[in-house]
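**Q** Pasting the sequence and the predicted model now:
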Amino acid sequence: MLEIFLTTGIVQNSLRYLCWILITGIFLSGALVYLQTHLKKSWLKKVSYFFSFAGPLVLILMILGKSVEVGSAEEASPLRLSSINLDAFQAHPIVSRVLEKTYIFGCWILLGGSFCSGLLMLIKRRLPRLKVLNVSYFFSLIGPILFIFLVWNKSLEVDDWEVTGLDASWYQKAAENGNSWAQVELGQCYLEGRGVNRSEEEAFKLFKKAAEQNDAQGQFNLGWCYEEGEGVSQDYKEAVMWYTKAAEQGDESAQARLGWCYANGEVIPQDYKEAVKWHKKSAEQGVSAAQYALGDYYAKGQGVPQDYKEAVNWYTKSANQGNPRGQWKLGDCYYYGQGVPQDYKEAVKWYRKSETRQSQYKLGQCYEHGNGVTKDEKEAVKWYTKAAEQRYEFAQNKLGLLYEEGRGVAQNYKEAVKWYTKSAEQGNSTGQYLVGKCYLSGTGVAKDEKKAFEWTLKSAEQGNADGQNSLGRFYLNGIGVAKDEKKAFEWYAKSAEQGNAGGQYILGRFYLKGIGVAKDEKLAVIWLSRAADQDDPYGLNSTAWILATSNDPRLRNGKEAAKLAHKAIKIFDKPNPYMTSVLAAAYAEQGDFEMAVTTQEKAISILTDQSYLKQFRAELKAYKDKRPWRDDESLNSKTATNPQQNP
């Protein structure tokens, strides 16, 4: 139980920070007493005394707990004073030994003196005859300087600092004598060009030597070389083999990389269960990227049953270590209320910490809609811009839309097209559709039907429902391409099958009129009803017209037609003579000819297109004669009230 408690992330971090506070205090203890003698602040003396006694005790405990290591080549230690390998010197063996021991012994004398400087000041106070004051001052000043030097010289390592090690000359002899750790370090030198000319081939050779000695770090580095083709021909099978060897030895980096290989399915066949297995091993060793990945598996139900609470658990571990993607995903959990109660403010907090382009985009959404922050479209534009400038295509589309509509920023069609194009050029299907739309209408760019068709085709071929719907219109009307009703039908059908209301509405009309397909009134009703179910006003209106005027008595339903017509008018929310006329036909089908006449007269009064006047008057006469209207084609062209959807 005690071991489990001590290995939890919070306890480990707390102990780590406490140790470093105490060590820093040790270095400064003598200086604090020195300041006290001049500033007359008694609390400085108390602080110094505390560090003088507590510091060395903690240092001993850290050494016993292997948090401080002397002469160790182990990785992942909060502090390490590295012993210099005897073979690192190319001088006489006796000289090498003397130099090494002098270096280590000298470092520890100076560091030890720094640790005890405050204690020396205390002795001076109790035994004033002892001349220790100058000694204490010396160590108080030289200790921190030595500390900085050791860190700079890579002889001292601090947890979470990226330390590249000494230059190649320190590792050459040891590597030649078969020391696997030195081979790995020397390989890094060649890879980074540190003290030697950069050579991927030499790095590969050294990593291979270390790997063949069963060195886990060497095996991981060798796997990376094979995967990236660094110093050797790219070979994914070899990469996975070496990652696996390192991972089985418990190397957390190899475990994480192996997990990604199984998850992506690019290097080896995709296997989420294996991905979960290796990422969990890595995550349990504290690798934040693996913790984030594990959270994703639980959130998406990949390789494990979907469990948002468990996802939040791992996202939180990752986020608390400062992993930007973990912070972004944790923000999403709070934003959507997945695994935790919905909390926009908490979501905003994590989005701000993350600083990923995805989080910047989400912050834009928060400001645009006032979720967790005061609604501010200008601030929304600022965050969308940050994300868009990092090539986040969703933010580029959104930013283009804000410029087009003039929300949060001055309306600027050219700027809108610029951002749509950036998204489109990255292959985003929505961006391609929007660019095509701009070229078709000449918004922010010179009108060009061929370019409009080309961009819309790219969007449609990627499966974008809006792009497919729009492409159907291009083929139907011969815009930028030869007219082809069959192809128009095919693209409208693809759009409709994805649930696009506009595509469903047009597909229904195609079946009614027999455009690009054989006439089929029943299929027409099915597709128009699907559009109506999405509250598409044109789908509602067209369905109502069929139910009111069809020659097939099995399809007619005056009551339902009136209901749909009323709903279409309400959604459209402005006077529309065609929808009003459909409502009149629905009243007539129910036998309410008085309401039918009144409604049709209203439709005629708001009609602006006089080409429909004759038709409207013919319908009015039928109602006055107490006769419901019957349309041989079942759907009058007056129901196509959206010029962009009108076939």
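**A** Here it is on my side, so go on.
**Q** use CA for all of it now, contacts and neighbours both
**A** Noted.
**Q** center of this protein - which residue?
**A** Centroid-nearest residue in the chain, with Cα atoms, centre = their mean: residue 358, separated by 4.6 Å.
**Q** Secondary structure element holding that residue?
**A** helix 357-369 (DSSP states H and E).
**Q** if we look at the next helix-or-strand element following that helix, which residues are touching it?
**A** Using DSSP H and E, the helix or strand that follows helix 357-369 in sequence is helix 377-389. The contact list for helix 377-389 (Cα atoms under 8 Å, 6 or more residues apart in numbering) reads 356-358, 360-361, 363-368, 394-396, 398-399, 402, 407-409.
**Q** cutoff 6 Å now
**A** Applying Cα atoms under 6 Å, 6 or more residues apart in numbering, the external contacts of helix 377-389 come out as 357, 360, 361, 364, 367, 368, 395, 396, 408.
**Q** Now for residue 176, how many residues are close by?
**A** Residue 176 has 14 neighbours, counted by other Cα atoms under 10 Å.
**Q** residues touching the closest residue to it other than its chain neighbours, list them.
**A** Ranked by Cα to Cα, 6 or more residues apart in numbering and with sequence neighbours excluded, the top spatial neighbour of residue 176 is residue 183, at 7.9 Å. Applying Cα under 6 Å, 6+ apart, we find residue 183 in contact with 175, 206, 210.
**Q** Quick check: which element contains residue 183?
**A** Here residue 183 is covered by helix 180-192, with elements defined by DSSP H and E.
**Q** Tell me the helix or strand right after that helix.
**A** Using DSSP H and E, the helix or strand that follows helix 180-192 in sequence is helix 200-212.
**Q** I'd like the C-alpha coordinates of the helix or strand following that following helix written as CSV, please.
**A** With elements assigned by DSSP H and E, the helix or strand that comes after helix 200-212 is helix 216-228. The C-alpha trace of helix 216-228 is given here as CSV (Å, rounded to 0.1, in the frame of the first residue of the first chain):
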residue,chain,number,x,y,z
ALA,A,216,17.1,-1.0,-24.6
GLN,A,217,17.9,2.6,-25.6
GLY,A,218,20.1,1.4,-28.4
GLN,A,219,17.3,-0.9,-29.6
PHE,A,220,14.8,2.0,-29.5
ASN,A,221,17.1,4.3,-31.4
LEU,A,222,17.8,1.6,-34.0
GLY,A,223,14.1,1.1,-34.5
TRP,A,224,13.7,4.8,-35.1
CYS,A,225,16.5,4.7,-37.7
TYR,A,226,14.7,1.9,-39.6
GLU,A,227,11.4,3.7,-39.4
GLU,A,228,12.6,7.1,-40.5
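**Q** So which bits of helix 216-228 are buried?
**A** Buried residues in helix 216-228, counted by 16 or more other Cα atoms under 10 Å: 216, 217, 218, 219, 220, 221, 222, 223, 224, 225, 226, 227.
**Q** so how far is it from its chain's centroid?
**A** From the chain centre to the centre of helix 216-228 is a distance of 27 Å (Cα atoms, centre = their mean, to the nearest Å).
**Q** Between helix 180-192 and that helix, find me the angle.
**A** Helix 216-228 and helix 180-192 are oriented at 30 degrees to each other (axes from the mean of the first three to the mean of the last three Cα atoms, to 10 degrees).
**Q** what's the helix or strand that helix 216-228 is followed by in contact with?
**A** For helix 216-228, the succeeding helix or strand toward the C-terminus, using DSSP H and E, is helix 236-248. Contact with helix 236-248 is made by 216, 219, 220, 223, 226, 227, 254, 255, 267, as judged by Cα under 6 Å, 6+ apart.
**Q** State the helix or strand in which the residue nearest to residue 485 when sequence neighbours are not counted lies.
**A** Excluding the flanking residues, the one nearest residue 485 by Cα to Cα, 6+ apart is residue 516, at 4.7 Å. Using DSSP H and E, residue 516 falls within no helix or strand.
**Q** where do the strands sit along the chain?
**A** Secondary structure of the chain by DSSP state E: the strands cover 68-70, 79-81, 156-158.
**Q** before we move on, back to that, for the contacts of helix 236-248, which one is nearest residue 200?
**A** Nearest to residue 200 among these is residue 226, at 11.4 Å by Cα to Cα.
**Q** could you check the distance from that closest one over to residue 235?
**A** 5 Å (Cα to Cα, to the nearest Å).
**Q** just residue 498 next, same as before
**A** Residue 498 is 40 Å from residue 235, by Cα to Cα.
**Q** just residue 241 next, same as before
**A** Distance from residue 241 to residue 235, counting by Cα to Cα: 10 Å.
**Q** give the contact list for residue 203.
**A** 187, 190, 191.
**Q** please redo it, this time with the cut-off set to 8 Å
**A** Residue 203 neighbours (Cα under 8 Å, 6+ apart): 186, 187, 188, 189, 190, 191, 231.
**Q** Identify, from the residues you listed, the entry nearest to residue 322.
**A** When these are compared against residue 322 (criterion: Cα to Cα), the nearest one is residue 188, at 26.0 Å.
**Q** I'd like to know how far that closest one sits from residue 218.
**A** As judged by Cα to Cα, residue 188 and residue 218 stand 10 Å apart.
**Q** pLDDT value on residue 148, please?
**A** What the model reports for residue 148 is a pLDDT of 57.
**Q** got a list of what the residue nearest to the centre of the chain touches?
**A** Contacts of residue 358 by Cα under 8 Å, 6+ apart are 328, 387, 392.
**Q** is it true that residue 631 touches residue 550?
**A** Yes - look at residue 631 against residue 550 with Cα atoms under 8 Å: they come within range, at 6.4 Å.
**Q** If you count surrounding residues, which of these two has more?
**A** More crowded of residue 631 and residue 550, by other Cα under 10 Å: residue 550, with 21 against 13.
**Q** any idea how far residue 515 is from that one?
**A** 18 Å.
**Q** got it, and residue 200?
**A** Separation of residue 200 from residue 515 (Cα to Cα) stands at 64 Å.
**Q** again, but for residue 403
**A** Applying Cα to Cα to residue 403 and residue 515 gives a distance of 38 Å.
**Q** likewise residue 456?
**A** Separation of residue 456 from residue 515 (Cα to Cα) stands at 22 Å.
**Q** Mind checking which of these two has more residues around it?
**A** residue 456 (31 against 17).
**Q** Now do the same contact list for that one.
**A** 432, 433, 435, 436, 437, 467, 468, 470, 471.
**Q** Kindly reformat these as a markdown table and extend each row with pLDDT, neighbour count and distance to residue 590.
**A** Shown next, in a markdown table, are the contacts of residue 456 (pLDDT from 0 to 100; neighbours: other Cα atoms under 10 Å; distance: Cα to Cα, whole Å):
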| residue | pLDDT | neighbour count | distance to residue 590 |
| --- | --- | --- | --- |
| 432 | 97 | 30 | 47 |
| 433 | 97 | 29 | 44 |
| 435 | 97 | 30 | 47 |
| 436 | 97 | 31 | 45 |
| 437 | 96 | 22 | 42 |
| 467 | 96 | 30 | 40 |
| 468 | 97 | 30 | 38 |
| 470 | 96 | 28 | 37 |
| 471 | 96 | 30 | 39 |
